[in-house]
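*Asks:* Attaching a predicted model along with its sequence, questions to come.
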Amino acid sequence: MDKNNARKVRIPPPLSLGHTLGMDEYICDGLFERAVNLAYRSFADPTDDHIEAVYHRLVLNHQWGAGDAGAVTVH
């Protein structure tokens, strides 16, 4: 019995955050607008870092189907 497997496994490379199959430019723009609104409602003086962090969390939540849950939680 030959234990060498000549088949090649084809695993696609992982997609970067924000470039998933279920995300297009329209969805990304909508999530960014929602991130800006959430940041301004949740933080006294939101910075670009606040908005970016909220946006990344919203993208992750979109992939998981979680909505806005925990997007502005401060640890």
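*Replies:* The structure has been received and is ready for your questions. Numbering: from 1, shown residues only.

*Asks:* neighbouring contacts of the helix or strand harbouring residue 58?
*Replies:* Using DSSP states H and E, residue 58 sits in helix 48-64. Residues outside helix 48-64 that contact it (C-beta atoms under 8 Å, 6 or more residues apart in numbering): 17-18, 20, 22-23, 27-28, 31-32, 34-36, 38-39, 42-43, 67-72. Glycine gets a C-beta too; all of them are placed from N, C-alpha and C.

*Asks:* which parts of that helix are buried?
*Replies:* 50, 51, 53, 54, 55, 57, 58, 59, 61, 62 (16 or more other C-beta atoms under 10 Å).

*Asks:* Would you reformat those as JSON lines and include pLDDT?
*Replies:* Converted to JSON lines, those look like this (pLDDT from 0 to 100):
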{"residue": "50", "pLDDT": "91"}
{"residue": "51", "pLDDT": "92"}
{"residue": "53", "pLDDT": "91"}
{"residue": "54", "pLDDT": "91"}
{"residue": "55", "pLDDT": "91"}
{"residue": "57", "pLDDT": "89"}
{"residue": "58", "pLDDT": "90"}
{"residue": "59", "pLDDT": "88"}
{"residue": "61", "pLDDT": "85"}
{"residue": "62", "pLDDT": "85"}
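
*Asks:* Low-confidence stretches in this protein?
*Replies:* The chain contains residues with pLDDT under 70 at 1-22, 74-75.

*Asks:* those helices in it, which residues are they?
*Replies:* Assignment of helices within the chain using DSSP state H yields the ranges 25-42, 48-64.
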